[in-house]
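J.: sequence isn't available, so here's the structure alone:
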DNA sequence: AGCGTTCGTTTAAACGTTTGCTCAGCGGGA
DNA sequence: TCCCGCTGAGCAAACGTTTAAACGAACGCT
């Protein structure tokens, strides 16, 4: 910048003013500076700007991983919004670990991000609510941090699960199995609660298998069903990942859907509609979730003291063939 | 930091020395500093460190989008490696636009990233080779920047395509259609070249439809096949996205695979193995691609002047049912 | 003629670190 | 005895930018 100032025959401040388009620079001076900037191929150093100024024009995103389409699509939406605001995005992953989450949050705050969009790793025991992060605007996505005053935007897991189970009940199923995960994750437990509630309302017994993220174990469970008298006639899978594992296992076993066992999964996925049968799912508004989360963060950056928002988006039961529905 | 120094009764330099674990600090002093750090909940400012020091301990990743599993899985792998090196990752997307790519690269360099991992958006006309970026170590992934001295790690698109086509030929197909994309993308064109070469070697005519990323258009093309005498008996889809669109369209049309038309797609995808029929694909080592790219970058950071590496990873034809193969 | 305003620009300081140098103390070899 | 080298620690400057204050000039007003 010093070179530019010298070449344009002005002080560094004037250069800074020209760059930031702030007032009080004569037309002619401005032109001279522009020319110097061009000639010297000047590129501002965002780090220095961030160090001096109040903002870094970057946000951090913390999520379990980029492998699961749900998370990566969410990240994509956040990225898009950030780009519109001319913000950069730092992305880190927790692999569902609360400790990692804390470390990553510290790292990002250390890098002076202006705000954080987080898919919290841990069910309630998160450190994100600590005093330490009080000064960093933070939006929780998909899962809350309990007892916190943080903005959050969730999905109606409970209602989605209830809708799925009730639909299976309408098809006449009495024994519906819930395939969950061994880890404690808020969304999964909310879906489990919905499942239980719907079953109870129908006066039916519940059956849960909670290691759906382990394909081997899932296969074992499904295999064991074949020799049982009271084997479930329908399955509700708690997530996209678990759906894939379950469907994979069912395919290996040659179990026919929906004749031998009906199937509904939480979270829609690519090609679900062209499988034979097509897979009935509870669809979450992933794109909107990420987009609204980012919007919320930028609003929060604008008004740090506004009341925290707690938004819950509706989900949609997408009827296809695997639940037993027939289409012309 | 000043507060910490004061509390520990030392100078700021000593604090800095303790933090960086550099030599010449007495045990007892070190302890005092540690205690002060703890008590004041000191968190270093990475921006300031980066501004003064030679490194920012962050890298930038530029890719088309986070929507396609190929890219997001790649990003995930890069992230993992970066985490092992205690580096942060800035991720930006180009949406396949060369202009956006240039802007994003400038933004990241402005943020003083130590290096860049790029999936170049544009076929040859990239600006990444410009003098402007000469000082930033850069790794090209999946696609090269032509005539550049940049490190790059690609996949053997040509051989993969040839293997797929030759396999279809072995099944007795004579009329094999290539479904490509309307955009010019290096990988797609390499696959197209492989397809053409294999067809020519067998003395067969080629047929290409190049708007596979437009589902509507793909549907139209496939529909038009039904009334043709010389309709292709096999389809080779050029990418994961195009595969999904093509399979979707075929499902809508009720075309049976592989009886009416055999199918092979480039890029493996979730559930391809449990569809009916299971989908034969050319599988790319996505995970390894991202991981090796990041490894390469960190090596490059170590030795900026080593000779540029040009790596090509092999791909694998995964035989499932859609090509016409039968399994017990 | 004096004075407050506004415009255009400069100068000085600050942001939170690290680098380079200085300096004091202390022990060992010539 | 003198000088050198090593250890432990402090001081000042620098990184590239922005903020705050200051400054001179031109202007209109009383």
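T.: Ah, there it is. Computed from a prediction, not measured in an experiment: that's the story for all the values here.
J.: ok, now how distant is residue A:135 from DNA strand C?
T.: Distance, residue A:135 to DNA strand C, using C-beta to the nearest atom of the strand, to the nearest Å: 12 Å. Every residue, glycine included, has its C-beta placed from N, CA and C.
J.: oh, I was asking about residue A:268
T.: 45 Å.
J.: looks to me like that residue is in a strand.
T.: No: counting by DSSP: H, G, I helix; E, B strand; the rest coil, residue A:268 falls outside a strand, being coil.
J.: hmm, residue A:320 and it touching each other?
T.: No: between residue A:268 and residue A:320 there is no contact under C-beta atoms under 8 Å: 9.8 Å.
J.: ok, those two, which is more surrounded?
T.: residue A:268 (23 against 19; other C-beta atoms under 10 Å in any protein chain shown).
J.: which residue is the nearest non-sequential neighbour of the more buried one?
T.: Spatial nearest neighbour of residue A:268, chain neighbours left out: residue A:283 (4.1 Å); criterion: C-beta to C-beta, 6 or more residues apart in numbering or on different chains.
J.: can you pull the pLDDT of the one you found?
T.: Looking at residue A:283, its pLDDT is 98.
J.: try the one 10 residues further on
T.: Per-residue confidence for residue A:293 comes out at a pLDDT of 98.
J.: which residues touch the closest residue to DNA strand D within the stretch 201-328 of chain A?
T.: Of all residues in the stretch 201-328 of chain A, the one sitting closest to DNA strand D is residue A:301 (15.0 Å; C-beta to the nearest atom of the strand). By C-beta atoms under 8 Å, 6 or more residues apart in numbering or on different chains, the contact list for residue A:301 reads A:114, A:115, A:137.
J.: number of residues surrounding the first one?
T.: I take that to be residue A:114. 19.
J.: check contacts around it.
T.: A:55, A:56, A:57, A:58, A:59, A:87, A:137, A:301.
J.: ok, it to residue A:3 distance?
T.: 30 Å (C-beta to C-beta, to the nearest Å).
J.: kindly report the same for the last one.
T.: Shown here: residue A:137 relative to residue A:3, a distance of 37 Å by C-beta to C-beta.
J.: so which of the two has more stuff around it?
T.: The neighbour comparison of residue A:137 against residue A:3 (other C-beta under 10 Å) goes to residue A:137, with 22 against 13.
J.: would you mind giving the contacts of residue A:301 as CSV with pLDDT, distance to residue A:289 and secondary structure added?
T.: Below are these laid out as CSV (pLDDT from 0 to 100; distance: C-beta to C-beta, whole Å; DSSP: H, G, I helix; E, B strand; the rest coil):
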residue, pLDDT, distance to residue A:289, secondary structure
A:114, 97, 21, coil
A:115, 97, 17, strand
A:137, 96, 18, coil
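J.: next, residue A:90: phi, psi?
T.: phi -100, psi 120 (degrees, to the nearest 10).
J.: apologies, that question was intended for residue A:4.
T.: Per degrees, to the nearest 10, the backbone of residue A:4 is at phi -60, psi -50.
J.: where in the stretch 51-200 of chain A is pLDDT low?
T.: Scanning the stretch 51-200 of chain A for pLDDT under 70 picks out A:123-124.
J.: would CSV of the contacts of residue A:114 with secondary structure and distance to residue A:76 be doable?
T.: Converted to CSV, the contacts of residue A:114 look like this (DSSP: H, G, I helix; E, B strand; the rest coil; distance: C-beta to C-beta, whole Å):
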residue, secondary structure, distance to residue A:76
A:55, coil, 24
A:56, coil, 22
A:57, coil, 20
A:58, strand, 17
A:59, strand, 14
A:87, coil, 15
A:137, coil, 21
A:301, helix, 21
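J.: top of those residues by number of neighbours, please.
T.: For these, neighbours tallied by other C-beta under 10 Å; top is residue A:59, 28 neighbours.
J.: what's the neighbour count on the nearest residue to that one once chain neighbours are set aside?
T.: The shortest distance from residue A:59 to any non-neighbouring residue, by C-beta to C-beta, 6+ apart, is to residue A:115 (4.9 Å). Residue neighbour count, defined by other C-beta under 10 Å, stands at 23 for residue A:115.
J.: one more: the one 3 residues further on?
T.: Using other C-beta under 10 Å as the criterion, residue A:118 is surrounded by 28 other residues.
J.: host element of the nearest residue to it once chain neighbours are set aside?
T.: Distances taken as C-beta to C-beta, 6+ apart put residue A:62 closest to residue A:118, at 4.5 Å, once the chain neighbours are dropped. Here residue A:62 sits within strand A:58-63, counting by DSSP states H and E.
J.: now do the SS call for residue A:287.
T.: Assignment for residue A:287 (three-state DSSP): helix.
J.: leaving out sequence neighbours, find the closest residue to it.
T.: Nearest one to residue A:287, counting by C-beta to C-beta, 6+ apart, is residue A:77 at 5.2 Å.
J.: in a helix, the one you found, correct?
T.: Yes: under three-state DSSP, residue A:77 sits within a helix.
J.: distance check, it against residue B:312.
T.: From residue A:77 to residue B:312 the distance is 34 Å (C-beta to C-beta).
J.: of the two, who's got more company?
T.: residue A:77 (23 against 13).
J.: ok, the more buried one - contacts?
T.: A:286, A:287, A:288, A:289, A:290, A:291, A:293, A:294.
J.: one more time with 7 Å, if that's ok
T.: Going by C-beta atoms under 7 Å, 6 or more residues apart in numbering or on different chains, residue A:77 touches A:287, A:290, A:291, A:294.
J.: the nearest residue to residue A:132 once chain neighbours are set aside and residue B:6, how far apart?
T.: Leaving aside its sequence neighbours, residue A:132 sits nearest to residue B:41 (C-beta to C-beta, 6+ apart; 6.7 Å). As judged by C-beta to C-beta, residue B:41 and residue B:6 stand 15 Å apart.
J.: quick one: name the residues of chain A near chain B.
T.: Proximity of chain A to chain B (C-beta under 7 Å from any C-beta of the partner chain) is limited to residues A:41, A:43-48, A:50-51, A:56, A:65-67, A:69, A:72-73, A:75-76, A:79, A:88-91, A:93, A:106-107, A:109-112, A:132, A:244, A:247-248, A:251, A:270-271, A:274-276.
J.: partner strands of the helix or strand that contains residue A:312, with direction?
T.: In the assignment (DSSP H and E), residue A:312 maps to strand A:310-313. Paired with strand A:310-313 in the same sheet, following DSSP bridges, are strand A:151-155 (parallel).
J.: give the other helices and strands that the helix or strand following the partner strand contacts.
T.: If you walk from strand A:151-155 toward the C-terminus, the next helix or strand you reach (DSSP H and E) is helix A:157-170. Applying 3 or more C-beta pairs under 7 Å, 6 or more residues apart in numbering or on different chains; DSSP states H and E, one finds that helix A:157-170 makes contact with helix A:186-201, strand A:234-237, strand A:262-266, strand A:280-283, strand A:316-318.
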